[in-house]
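1. What follows is a predicted structure for the sequence shown.
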Amino acid sequence: MSDADTPDNWDEPQKILVILAHPDDPEFFCGGSLARWTSAGHHVSYCLLTCGDKGTRDREIAPESLCALRQDEQLAAAAVLGVHQVRFLDYPDGYLVPDLKLRRDITRIIRQEQPDVLITCDPTNLYVRDALLNHPDHRAAGQATLDAVFPAARDHLNFIELWRDESLEPHIVREVWVSLPKEPNVQLDVTEHWETKIKALFEHKSQIGEPEALAERLRARHSPDSTPENPRYVEYFKRLILG
Ligand SMILES: [Zn+2]
């Protein structure tokens, strides 16, 4: 596939906004793509909906301490990928539901950031790689974010208080890229950025266990058409062009 055929062959630098549930989701789901985009000169920012305050088996650590730790880890991981800005909405981890409050908060972020391209995850994906259960927060984050993109961010009478009281103009997101997709329609070659993704994941120290074991698992996840001598790595998305 030539560069001209790649789905991210944009003419101009893009504003890319990533909205996902937990610290570490961006790196695990699409860290190679995010590294590819920052190195190509695109502006990437994150909004994490929770601070991951339940992601531990450590009986000693308090949720608020874990929250602070995971936010620090996320900032360090984002820096490895060249991400420009990280925001946290601090919803409680594990209890995320796609209600109107969450949809309004995400609509506010979209209108403030005015992204060209928005990254979230697939709310319909109940199983990961036919082997694992997908986290309910991931599905809730994807559902609330897609519902905020359309129609809430687009139409000024949706959450009218955002326009009337906060002067936030409606915004049309041009493209949505849904990570962890049940039915992908694009793939990106991120071979050159796979080691950067792994390096970023190493920053999530509280989450990854033995770093070298993780690296080994990820290096083994090469695409079916590559060879052990020349491994190729891809990340999959459902790409929707809306604007
Ligand atoms: Zn997660």
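-> That came in fine, so what should we check first? What you see is a predicted model; the values in this text were computed from it and never measured.
2. drop to CA atoms for contacts and neighbour counts, all remaining ones
-> OK.
3. Nearest the geometric middle of the chain, what residue?
-> The centre of the chain sits closest to Pro26, judged by Cα atoms, centre = their mean, with a distance of 3.8 Å.
4. From what I see, Thr107 and Phe150 are in contact.
-> No: Thr107 is not in contact with Phe150 according to Cα atoms under 8 Å; the separation is 9.3 Å.
5. Using neighbour counts, pick out the buried residues of the helix of greatest length in the chain.
-> For the chain, the helix with the greatest residue count under DSSP state H is helix 63-81. Residues of helix 63-81 classed as buried: 63, 66-67, 69-71, 73-78, 80-81 (neighbour count, 16 or more other Cα atoms under 10 Å).
6. Tell me if it is near the ion.
-> No: no part of helix 63-81 sits close enough to the ion to count as contact by Cα under 5 Å from the ion; the gap is at least 11.8 Å.
7. Tell me which residues are up against that helix.
-> Here helix 63-81 makes contact (Cα atoms under 8 Å, 6 or more residues apart in numbering) with 23-24, 27, 31, 34-35, 38, 51-55, 84, 86, 196-197, 199-206.
8. neighbours around Asp105, how many?
-> A total of 17 residues lie near Asp105 under the criterion other Cα atoms under 10 Å.
9. actually Lys54, sorry about that
-> Residues near Lys54, counting by other Cα under 10 Å, number 17.
10. What are the boundaries of the strands in the protein?
-> Taking DSSP state E as the criterion, the chain carries its strands at 15-20, 43-50, 85-91, 117-121, 127-128, 132-133, 175-179, 186-189, 234-241.
11. Tell me which of those strands approaches Asp165 most closely.
-> strand 85-91 (20.2 Å; Cα to Cα).
12. and Pro151, what is it in contact with?
-> Counting by Cα under 8 Å, 6+ apart, Pro151 has contacts Asn158.
13. From the chain's centroid, how far away is the lowest-mean-pLDDT helix or strand in the chain?
-> Least confident helix or strand of the chain, by mean pLDDT, DSSP states H and E, is strand 127-128 with a mean of 92. Relative to its chain's centre, strand 127-128 lies at 16 Å (Cα atoms, centre = their mean, to the nearest Å).
14. Sheet partners, orientation included, of it?
-> Looking at strand 127-128 with DSSP bridges, its partner strands are strand 132-133 (antiparallel).
15. Which residues does the partner strand contact?
-> Leu126, Tyr127.
16. Return the distance of it from the chain's centre.
-> On the basis of Cα atoms, centre = their mean, strand 132-133 sits 18 Å off its chain's mean C-alpha point.
17. Also stretch 70-89?
-> Counting by Cα atoms, centre = their mean, stretch 70-89 comes out at 11 Å from the chain centroid.
18. Over to stretch 147-166?
-> 22 Å.
19. Just the buried residues of it, please?
-> Of the residues in stretch 147-166, those buried (16+ other Cα under 10 Å) are 147-149, 151-156, 158-159, 162-163.
20. roughly how far apart are Glu195 and the ion?
-> Distance check for Glu195 against the ion: by Cα to the ion, to the nearest Å, it reads 21 Å.
21. Can you get me a residue count around that residue?
-> Neighbourhood size, Glu195 [other Cα under 10 Å]: 17.
22. Likewise for Arg139?
-> Per other Cα under 10 Å, the neighbour tally for Arg139 reads 23.
23. give me every residue that touches the closest residue to it other than its chain neighbours.
-> What sits nearest to Arg139 in space, not counting adjacent residues and going by Cα to Cα, 6 or more residues apart in numbering, is Pro123, at 3.9 Å. Residues near Pro123 by Cα under 8 Å, 6+ apart: His138, Arg139, Ala140, Ala141, Gly142, Gln143.
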